[in-house]
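Asks: Need coordinates for the below:
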Amino acid sequence: MREVTATGQTVEAAVESALAQLKTTKNQAEIIVVDEGKKGFFGFGARSAVVHVKVRINPIDQAKDYLLDVCSNMGVNVEVALQQSGKNILFQLSGEKIALLIGKRGQTLNSLQYLTQLVINKEADQYYNLKLDAEGYRTRRKEALIQLAERMAYKAKRAGKEFSLEPMPAEERKIIHAALVSFKGIKTYSSGEHGNRHIIISPVNAEKGQLQHKSKNRYK
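Replies: The predicted structure follows:
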């Protein structure tokens, strides 16, 4: 139950009744006085006070509960640690079977992050930037991507032709671009649509789209 309409002899009594039904407190509720009521005269013309009380939704708590529920349904018991800096939210997951929540190259973790981002912003008064991590996976993945970028850049420069990496989400493509922005003799650009969007690493003198080769990298 998220909201209720209650009556009482006074507004205060009606509010207390509503709060009891919602099992919440005043500072966690939004209270609207529908009718202040009327005492009447010797019992005649009396009218009960009416209030409408709604539980204030904490979007961060709601997102955390959603995440715990999804993980539980996946058979994974986790702890969720919150780090917040203004509108930036980080949920750090820890526990057993954490690999199930990461998935191949972080695909499951990315999907959970996307869904939790939708939940936290569904009824929030401001937009939150939500990140999801699992026992430091994001840092390890970033390091692996930087190593991959540098290795493929040297390979493209030596071979004099461009190489195409596997499809990656936008956040990971940014890591590749940033890693090679100062790499002399190499340029990067993205190609493909939607889920097939990927990065191409190319010597600066190579024509765009010429001699593409698919990288067989298997880093997680």
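Asks: how does this structure divide into domains?
Replies: With domains defined by automatic domain parsing, the chain comprises 3-55, 59-135, 139-203.
Asks: The first one spans what distance, first to last residue?
Replies: Terminal residues of domain 3-55 are spaced 6 Å apart (Cα to Cα, to the nearest Å).
Asks: Do a quick rundown of the strands in this structure.
Replies: Taking DSSP state E, the strands of the chain run over residues 3-8, 29-35, 49-55, 78-85, 88-95, 129-134, 163-164, 186-191, 198-203.
Asks: Convert the C-alpha atoms of stretch 23-32 to PDB, please.
Replies: Extracted C-alpha coordinates of stretch 23-32, given in PDB (Å, rounded to 0.1, in the frame of the first residue of the first chain):
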ATOM      1  CA  LYS A  23       3.100   1.800   8.500                       C
ATOM      2  CA  THR A  24       5.100   5.000   8.000                       C
ATOM      3  CA  THR A  25       5.900   8.300   9.600                       C
ATOM      4  CA  LYS A  26       5.100  11.900   8.900                       C
ATOM      5  CA  ASN A  27       8.600  12.700   7.500                       C
ATOM      6  CA  GLN A  28       8.200   9.900   5.000                       C
ATOM      7  CA  ALA A  29       4.800  10.900   3.800                       C
ATOM      8  CA  GLU A  30       3.000  13.500   1.700                       C
ATOM      9  CA  ILE A  31      -0.100  14.700   3.400                       C
ATOM     10  CA  ILE A  32      -3.100  16.400   1.600                       C
END
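Asks: what mean pLDDT does it have?
Replies: Stretch 23-32 carries an average pLDDT of 87.
Asks: Can you list the buried residues in that stretch?
Replies: 24, 29 (16 or more other Cβ atoms under 10 Å). To be clear about C-beta, it is placed using only N, CA and C from the backbone, and glycine gets the same treatment.
Asks: My read is that residue 3 contacts residue 55, right?
Replies: Yes - with contact defined as Cβ atoms under 8 Å, residue 3 counts as touching residue 55 (6.7 Å).
Asks: okay, and the common contacts of these two?
Replies: Shared contacts of residue 3 and residue 55, defined by Cβ atoms under 8 Å, 6 or more residues apart in numbering, comprise residue 22.
Asks: Mind checking which of the two has more residues around it?
Replies: Looking at residue 3 and residue 55 with other Cβ atoms under 10 Å, you find the greater number of neighbours at residue 55, namely 17 against 14.
Asks: Pick out the residue closest to the middle of this protein.
Replies: Closest to where the C-alpha atoms of the chain average out (Cα atoms, centre = their mean) is residue 117, at 3.0 Å.
Asks: Contacts only, for it.
Replies: Residues counted as contacts of residue 117 (Cβ under 8 Å, 6+ apart) are 128, 130.
Asks: switch to 10 Å and redo it
Replies: The contact partners of residue 117, by Cβ atoms under 10 Å, 6 or more residues apart in numbering, come to 63, 89, 127-132.
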